[in-house]
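A.B. asks: model the structure of this input:
(2 chains)
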Amino acid sequence: MTMAHLTAFNISVDFPLYHSDNRSLKKTILGKASSRFAQDHKNRPVVQALQNISFTLRSGDRLGLVGSNGSGKTTLLRALSGIYQPTAGSLSMEGRLVSLLDPGQGMNMDLTGRENVRLRGYFLGLPRAEIDHLEADVEDFSDLAQFLDLPVRNYSSGMVVRLAFAMATAFPPELLLMDEWILAGDAAFMEKAKTRVESMVRHADILILASHSAMTLAEWCSRLIWLESGQIKADGKPMDVLGRYLPEHQFQELVVGMNAVNSLPSTK
Amino acid sequence: MTELSPPDTTLKAFRKQSHFTLSADRGWTQRFQLAGTDLKDGVRLWRLIWTLAFSDIKLRYRGSALGPFWLTISTAVQIGAMAFLYADLFHTDIHTYLPYLTISIILWNYLNMLISDGCTCFSQSDSLIKGTRMPFTVHAARSVVRNTIILAHNIVVVVAVFVIMGVHMSLYSLLAIPAFCLWLIDAFAISLLFGAFCARFRDVPQIIMSVMQIAFFITPIMWYAKILESHPEADLLIRFNPFFYILEIIRGPLLGTPMTLDMVLKALIVSATLILVAVIGFARTRGRIAYWV
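C.D. replies: A predicted model of the protein is given here:
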């Protein structure tokens, strides 16, 4: 079995600002000496969403992404998923990747949960027997019971999350990318999700998680990258990075919280 | 709590196509390679394309008693209303005019929908495109398949009209099959090309719709091409009208009207040009579509 790995080399993503009045916009944004705005080689104004992002992940790595709103976390996840072709740099990976970027992604809200599971099976190119297996697994893990036969439109946001997570991890991907909405599940589901991610990572796979919750990042991740204005500001062990990222009192609370969790007798 | 099933290492899906690289734009060789891979991966997802297209139709008519057969009824009503009025206006025999109008209108509606849906095939799938890496050809094919399912519902009208009007079919009609295959390829090319172009320039769909409206009147659909024989200047309308050739290669065999080699060649030239432009256009824009939608 080949080992999963993921390498991002100098990835930059520029968003061209179309659909807007070029000249006045140019004056406004270039007038201010901001690090995010620039012009591309055709003199069009662009937002530099990511600049020179480089890192390498190997089997067993669990990378967390922190940063304020608009720091480029979701864009980085999209670029790593191969959705945005980078403006510069390159991406290389080994292993099957599943990205959970927004809860309803790839789901048709008017179809039932079950129909969406089958769509997913077709997307993965699975034979019929494995689609049945997928359906059974999702049914079991998501605990949606009869809701699985209702259109996804009628689900609560937590239920959509459960369905999406169950579908994404039913066949454990070798690389799993998740955005912060996964935290919308209730406590019982979070516990289940964590167990599943852990079992996935135990089987030598890679997780990348963007989140605002310091507690989740500290618990789930083995490495943290702090993004600011589309650039890597810090990269290292979770507690080291969080120590710099969080305000002093929040970090103290986190340390206390972590100690409390670690001292609890294991529930398993 | 549910016990976790251990990862099933026998799963084939687990192993295949696991290597993936993507770099910034490196020129035409890479662009054509990526477009080729996109097409290859799209073909592999035919079941997904079929299910997506089919559920589009199913959902549109959910809760309605007749369901998708409203498509058939509305076509029948449109043709029925037009046929008797125009047969009278043009002083033609309803027994030849009605089959002609039926085939023409149904084919034109199909073409019109292929183009208008093709324009929005990427911009409508924005959440799919931004949510997961999926071949772009899937979205284009979905639009083609969806409209072909609609066409299939309308064939009932054609059969009914042909039976009522006693139209004779011969083996010559089978020539419509290769012509129809050409239509499918053209429609796929149009969706890829116009879909990308319209995702970038949001005014283009409206412009295209206006053009299609004019094309409906200047193409022999409601009227016969032979009316123009006595008007040399107006003849230009059909001589430089790509829609005419494309329509005629299916309509001719079905109605049993003779087909010239010239007509077939021109239809092939129109298609070849379209496919060439679409391949280049798609290869050029593919990497940018996700930024545009």
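A.B. asks: show me the contacts for the residue of the stretch 51-200 of chain B found nearest chain A.
C.D. replies: Proximity of the stretch 51-200 of chain B to chain A (Cβ to the nearest Cβ) peaks at residue B:131, 2.7 Å away. C-beta: built from backbone N, CA, C; applies to glycine. By Cβ atoms under 8 Å, 6 or more residues apart in numbering or on different chains, the contact list for residue B:131 reads A:83, A:99, A:101-102, A:104-106.
A.B. asks: which stretches of chain A form helices?
C.D. replies: Here chain A has its helices, by DSSP state H, at A:22-31, A:73-80, A:113-123, A:128-142, A:157-169, A:187-202, A:214-220, A:238-245, A:248-263.
A.B. asks: residue ranges with poor pLDDT in the stretch 1-150 of chain B?
C.D. replies: B:1-17 (pLDDT under 70).
A.B. asks: which residues touch the residue in the stretch 151-293 of chain B that chain A sits nearest to?
C.D. replies: Nearest residue of the stretch 151-293 of chain B to chain A (Cβ to the nearest Cβ) works out as residue B:287 at 3.7 Å. The contact partners of residue B:287, by Cβ under 8 Å, 6+ apart, come to A:85, B:25, B:31, B:34.
A.B. asks: can you tell me the centre-most residue of chain B?
C.D. replies: residue B:114 (3.4 Å; Cα atoms, centre = their mean).
A.B. asks: host element of that one?
C.D. replies: Secondary structure assigned from DSSP states H and E places residue B:114 in helix B:94-119.
A.B. asks: that helix - contacts with which helices or strands?
C.D. replies: helix B:69-89, helix B:136-164, helix B:176-200, helix B:204-218, helix B:242-255 (3 or more Cβ pairs under 8 Å, 6 or more residues apart in numbering or on different chains; DSSP states H and E).
A.B. asks: export those to JSON lines and tack on mean neighbour count?
C.D. replies: As requested, the helices and strands packed on helix B:94-119 are exported to JSON lines (neighbours: other Cβ atoms under 10 Å in any protein chain shown):
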{"stretch": "helix B:69-89", "mean neighbour count": "15"}
{"stretch": "helix B:136-164", "mean neighbour count": "20"}
{"stretch": "helix B:176-200", "mean neighbour count": "21"}
{"stretch": "helix B:204-218", "mean neighbour count": "13"}
{"stretch": "helix B:242-255", "mean neighbour count": "21"}
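A.B. asks: next one: phi and psi at whichever residue of the stretch 151-268 of chain A sits closest to chain B?
C.D. replies: Chain B sits closest to residue A:172 of the stretch 151-268 of chain A, with a gap of 4.5 Å, by Cβ to the nearest Cβ. Main-chain dihedrals, residue A:172, degrees, to the nearest 10: phi -50, psi 120.
A.B. asks: returning to what we had before: check which residues of the next helix or strand after the helix holding residue B:114 are buried.
C.D. replies: Sequence-wise, the next helix or strand downstream of helix B:94-119 (DSSP H and E) is helix B:126-131. Using 16 or more other Cβ atoms under 10 Å in any protein chain shown as the test for burial, helix B:126-131 gives B:127-131.
A.B. asks: please apply the same query to stretch A:36-45.
C.D. replies: A:36-37, A:45.
A.B. asks: now do that stretch, average pLDDT.
C.D. replies: Stretch A:36-45 shows a mean pLDDT of 74.
A.B. asks: go on, stretch B:223-234?
C.D. replies: Stretch B:223-234 comes out at a mean pLDDT of 80.
A.B. asks: residues in contact with it?
C.D. replies: Where contact means Cβ under 8 Å, 6+ apart, the residues beyond stretch B:223-234 that reach it are B:90, B:92, B:100, B:220, B:235, B:237-238, B:244, B:248.
A.B. asks: mind checking the end-to-end distance for it?
C.D. replies: 13 Å (Cα to Cα, to the nearest Å).
A.B. asks: could you dump the helices of chain A into a markdown table and include distance to chain B, mean pLDDT and mean neighbour count?
C.D. replies: Formatted as a markdown table, the helices of chain A follow (distance: least, Cβ to the nearest Cβ, whole Å; pLDDT from 0 to 100; neighbours: other Cβ atoms under 10 Å in any protein chain shown):
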| stretch | distance to chain B | mean pLDDT | mean neighbour count |
| --- | --- | --- | --- |
| helix A:22-31 | 14 | 58 | 12 |
| helix A:73-80 | 7 | 92 | 23 |
| helix A:113-123 | 4 | 90 | 22 |
| helix A:128-142 | 6 | 90 | 17 |
| helix A:157-169 | 10 | 87 | 23 |
| helix A:187-202 | 5 | 80 | 16 |
| helix A:214-220 | 16 | 85 | 19 |
| helix A:238-245 | 24 | 90 | 18 |
| helix A:248-263 | 18 | 84 | 12 |
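A.B. asks: closest to residue B:21 out of these?
C.D. replies: Residue B:21 lies closest to helix A:73-80 among these, at 12.3 Å (Cβ to Cβ).
A.B. asks: and the closest one, what other elements does it pack with?
C.D. replies: Helix A:73-80 packs on strand A:5-16, strand A:45-58, strand A:62-66, strand A:97-100, strand A:206-210, going by 3+ Cβ pairs under 8 Å, 6+ apart.
A.B. asks: from the chain's centroid, how far away is the shortest one?
C.D. replies: Between the centre of strand A:97-100 and the centre of its chain there are 8 Å (Cα atoms, centre = their mean, to the nearest Å).
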